[in-house]
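Asks: Provide a 3D model corresponding to the input given below.
(one chain, ligands or ions: 1)
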Amino acid sequence: MELVFATNNKHKISEITAILPKGFILKSLSDIGFSGDIPETNPTIKENASQKSHFIYDRYKTNVLAEDTGLEIEALNGAPGVYSARYAGEHCSFEDNVKKVLSEMEGKTNRNARFITIISLILFDNEYFFQGIVNGKIIDKKIGGGGFGYDPIFIPNRYNETYAQMSTELKNKISHRALATQKLIEFLKSRTI
Ligand code: ITT
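Replies: Numbers count the residues shown, from 1 in each chain. I've put the predicted structure just below:
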């Protein structure tokens, strides 16, 4: 089965591609001849995921998935949340966002945070959602060179290393994105048998 992945984030593509079993093929936006930004202008992660998948579905009428992910930090009242990609401003880098979180978290004793991913799948004109949540802690400096985004400052509960220190295999087994993707895979398998 072929699905278009409506994302401009190459890290997301490689993580989800690594998790999908044989027989499921992810096509990129460039594979279908689309280039440019996909708007994400909604106040919630779920609505943004849906906005991204619909944006491509409306133009290409193809089976498509999109996902939106946010890092929600308790001591920051859930920020950066839905604004995770642009916390330090439009067109900012992962590095800028991490710096901003570290500075906002200075002196905070409550380090609890969670990553949430919501996948929107549009399959033959119907939309389905799959969610993955991982609770953890924000540390006070960057550790690790792998992953992307906020990975170097997030330690998932029951582990003692950041996502950025983990092997890609481990992150792809336990992460918020992995949990949502595993639910997606179960659903797709049930539809294709
Ligand atoms: P698309 O919308 O094109 O899919 P994006 O990078 O804009 O890509 P999001 O809107 O979902 O994606 O933004 C989420 C931001 O949260 C992303 O830019 C990263 O900074 C961060 N993020 C997402 N997944 C992450 C992960 O697995 N580990 C660490 N940070 C992550």
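
Asks: so Asn135 is in which element?
Replies: strand 126-138 (DSSP states H and E).

Asks: Return the list of strands paired to that strand, each annotated with direction.
Replies: Partners of strand 126-138 in the sheet, by DSSP bridges, are strand 112-123 (antiparallel), strand 154-156 (antiparallel).

Asks: Now it: buried residues?
Replies: Tyr128, Phe129, Phe130, Gln131, Gly132, Val134, Gly136, Ile138 (16 or more other CB atoms under 10 Å). Where you see a C-beta, it was placed from the backbone N, CA and C, and this is true even at glycine.

Asks: Same question for stretch 90-98.
Replies: Buried, per 16+ other CB under 10 Å, within stretch 90-98: Phe94, Asn97, Val98.

Asks: export these to TSV and tack on secondary structure?
Replies: Shown next, in TSV, are those (DSSP: H, G, I helix; E, B strand; the rest coil):
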residue	secondary structure
Phe94	helix
Asn97	helix
Val98	helix
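
Asks: can you count the residues close to the residue in the chain positioned nearest to the ligand?
Replies: The ligand sits closest to Gly149 of the chain, with a gap of 2.3 Å, by CB to the nearest ligand atom. Neighbourhood size, Gly149 [other CB atoms under 10 Å]: 21.

Asks: Just list the residues touching the nearest residue to it once chain neighbours are set aside, thanks.
Replies: Nearest non-adjacent residue to Gly149, counting by CB to CB, 6 or more residues apart in numbering: Phe94, 5.1 Å away. Counting by CB atoms under 8 Å, 6 or more residues apart in numbering, Phe94 touches Phe148, Gly149, Tyr150.

Asks: buried stuff in the one helix or strand His54 maps to?
Replies: Using DSSP H and E, His54 maps to helix 45-60. The neighbour-count check on helix 45-60 (16+ other CB under 10 Å) flags 45-57 as buried.
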